[in-house]
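Trainee: Here you go, sequence then predicted model.
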Amino acid sequence: MKLPKNFGPQGFGGVMQQMKDAMARAQTLEAELANERIGVDKGPVKALFNGTGEILKLTIDKSIVDPEDVEALEDLIVSVVRDGFNAATQLRESKVQGILPNVPDLGM
């Protein structure tokens, strides 16, 4: 039987160890992401997120609170939340990519 491409120099045992290592790393990923902090600053509206995308703090400068223009404030808040979530998603993807290169391609 022909072995899959990139099976690894240690054979099946080496592949299994790489898989175990990747799984162990993946299990700690959520805790790592929860401890990360991502700041988003849109001038008068600022937010702090963790690496899982959870918003931890939202700060609004009271000088921009205009009862006649609530829509502008709403737009800024939506923009801050979207940027924070996108930054958290990119952080997660980069950390996952740091795990995946250790997993061999079994050609399946």
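Mentor: Received the coordinates, thanks.
Trainee: where does Glu32 fall, phi/psi-wise?
Mentor: Main-chain torsions, Glu32, degrees, to the nearest 10: phi -60, psi -50.
Trainee: Go through the longest helix along the chain and flag the buried ones.
Mentor: Scanning the chain for the helix with the most residues, using DSSP state H, yields helix 70-99. When burial is assessed from 16 or more other C-beta atoms under 10 Å, helix 70-99 yields the following buried residues: 73, 76, 80-81, 83-85, 87-88, 91-92, 95, 99. (C-beta placed from N, C-alpha, C; glycine too.)
Trainee: Let's have those in TSV, adding pLDDT and distance to Thr52.
Mentor: Shown next, in TSV, are the buried residues of helix 70-99 (pLDDT from 0 to 100; distance: C-beta to C-beta, whole Å):
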residue	pLDDT	distance to Thr52
Leu73	94	26
Leu76	96	23
Val80	97	17
Val81	97	14
Asp83	98	15
Gly84	97	11
Phe85	97	10
Ala87	97	11
Ala88	97	6
Leu91	96	9
Arg92	93	8
Lys95	90	11
Ile99	79	16
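Trainee: List of residues touching stretch 85-102?
Mentor: 18, 21-22, 25-26, 29, 32-33, 36, 38, 40, 49-53 (C-beta atoms under 8 Å, 6 or more residues apart in numbering).
Trainee: Could you do stretch 45-64 as well?
Mentor: Against stretch 45-64 from outside (C-beta under 8 Å, 6+ apart): 30, 32-40, 43-44, 72-73, 76-77, 79-81, 84-85, 87-89, 91-92.
Trainee: what do you get for stretch 32-42?
Mentor: Against stretch 32-42 from outside (C-beta under 8 Å, 6+ apart): 46-52, 54, 56, 76, 79-80, 83-84, 87-88, 91-92, 95.
Trainee: Report the rounded mean pLDDT for that stretch.
Mentor: What stretch 32-42 shows for mean pLDDT is 96.
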